[in-house]
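Participant: Quick one, fold the following:
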Amino acid sequence: MHLDLSAPRNSVGEWVGSGTPLTPGYPVQLVTFEDGESTFLCAGCAISAVRCSTGNPDENEMVVGTVTRKTMETAGIYEDYKNTFKKAVSVQSGAMAPEGKILSVWVKETPLKIDRDTMTDPDTVSKKYRDFAKRQTVDESRVSLAEEWQDQDWE
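Facilitator: Below you'll find the model as predicted:
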């Protein structure tokens with residue numbers, strides 16, 4: 001699910017699963033953490049989350065997707081969110097596959113390694129990701145497959 005904090009909630013738990021479902025073909029990023037666990041986020045949101053973990057955004061600045069720091073603080077999840085993504089070790093871009101895994105849309109399925117020694121601020125995180133993405137070759141057959149999945153009714 002995509003994080004959706006647009007409607008008021010009484011507790012953090014009420015936001016779980018409140019967003020857009022990540023159906024097959026949907027552009028996603030897979031974040032892997034120090035402990036080997038991983039989570040899916042909408043494409044772009046994973047890099048935003050890692051950026052957030054390295055900085056201190058203004059209260060009205062978008063932290064992830066369309067969600068601001070102020071909205072996350074109101075929900076009581078900002079500090080936990082930031083601290084969670086401080087433990088991210090890699091981000092892989094692709095599309096959600098029907099079996100709940102990631103389909104890389106790049107020829108090499110190499111994820112971006114999060115180097116905490118050099119990725120110490122939001123701008124550096126963004127630059128490292130852009131540089132990494134520019135070096136990748138798109139696998140057009142995988143992009144076509146993801147687009148086919150998007151056109152199917154998964155409800």
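Participant: where does this structure have low pLDDT?
Facilitator: By pLDDT under 70, the low-scoring segments of the chain are 1-20.
Participant: got the residue ranges for the strands in it?
Facilitator: Assigned by DSSP state E, the strands in the chain fall at 27-33, 38-42, 62-64, 67-68, 88-96, 102-104, 112-113.
Participant: Mean neighbour count for those strands - can I get that in JSON lines?
Facilitator: From N, CA and C alone the C-beta is placed, and that goes for glycine too. Converted to JSON lines, the strands of the chain look like this (neighbours: other Cβ atoms under 10 Å):
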{"stretch": "strand 27-33", "mean neighbour count": "21"}
{"stretch": "strand 38-42", "mean neighbour count": "19"}
{"stretch": "strand 62-64", "mean neighbour count": "21"}
{"stretch": "strand 67-68", "mean neighbour count": "20"}
{"stretch": "strand 88-96", "mean neighbour count": "21"}
{"stretch": "strand 102-104", "mean neighbour count": "19"}
{"stretch": "strand 112-113", "mean neighbour count": "18"}
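Participant: Compare those strands and give me the one nearest residue 53.
Facilitator: Each of the strands of the chain was checked against residue 53 via Cβ to Cβ, and the shortest separation belongs to strand 88-96, namely 7.0 Å.
Participant: and that closest one with strand 38-42, angle?
Facilitator: Following axes from the mean of the first three to the mean of the last three Cα atoms, to 10 degrees, one obtains 50 degrees for the angle between strand 88-96 and strand 38-42.
Participant: If you count contacts, what does strand 88-96 end up packed against?
Facilitator: Contacting strand 88-96 under the criterion 3 or more Cβ pairs under 8 Å, 6 or more residues apart in numbering; DSSP states H and E are the following elements: strand 27-33, helix 45-54, strand 102-104, strand 112-113, helix 140-151.
Participant: Chain neighbours aside, what residue packs nearest to residue 68?
Facilitator: Excluding its sequence neighbours, the residue lying closest to residue 68 (Cβ to Cβ, 6 or more residues apart in numbering) is residue 60, at 5.4 Å.
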